[in-house]
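coords please:
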Amino acid sequence: MAKQQPSPDKEALEKALQEAELKIKALNTLIDVTEEQLKIDIRKNLVPNSLKDETGLP
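The predicted structure follows:
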């Protein structure tokens, strides 16, 4: 049985996924280095009810 060729749409989506994953990795590395060098927390630590508190919703 012959292997089917992936459709152009699937190839484009897979390429976009790879690029997005690379971008996420680069941004996380940038944040890690910045936090270490500046000794500050950039990422926000969310507590389960914190979103409700910040929006002012009951």
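
what strand or helix carries the residue nearest in space to the middle of the chain?
Per CA atoms, centre = their mean, the C-alpha nearest to the average position across the chain is that of I24, at 4.6 Å. Assigned by DSSP states H and E, I24 falls within helix 8-38.

give the buried residues for that helix.
By 16 or more other CB atoms under 10 Å, helix 8-38 has no buried positions at all. (Each C-beta comes from the backbone N, C-alpha and C, glycine too.)

thinking again about what came up before, need the per-residue pLDDT for the residue nearest to the centre of the chain.
pLDDT recorded at I24 is 97.

for it, give its distance to E36.
To E36, I24 is 19 Å away according to CB to CB, to the nearest Å.

cool, and Q5?
Note on Q5: its distance to E36, by CB to CB, is 46 Å.

can you give me how far the helix holding I24 is from the chain middle?
Relative to the mean C-alpha coordinate of its chain, helix 8-38 is positioned 7 Å out (CA atoms, centre = their mean, to the nearest Å).

do the same with stretch 6-13
That offset, for stretch 6-13, works out to 22 Å (CA atoms, centre = their mean).

state the mean pLDDT of stretch 41-49.
78.

return the distance of it from the chain's centre.
For stretch 41-49 - counting by CA atoms, centre = their mean - the centre lies 15 Å from the chain centre.

thought E35 was touching N28?
No - contact criterion CB atoms under 8 Å: E35 and N28 do not qualify, at 10.5 Å.

per-residue pLDDT, K52?
The model's pLDDT for K52 equals 55.

cool, and the one 4 residues further on?
Predicted confidence (pLDDT) at G56: the value is 54.

checking P6 next. Helix, strand or coil?
Classification of P6 using DSSP: H, G, I helix; E, B strand; the rest coil returns coil.

how many neighbours does it have?
Using other CB atoms under 10 Å, P6 is surrounded by 11 other residues.
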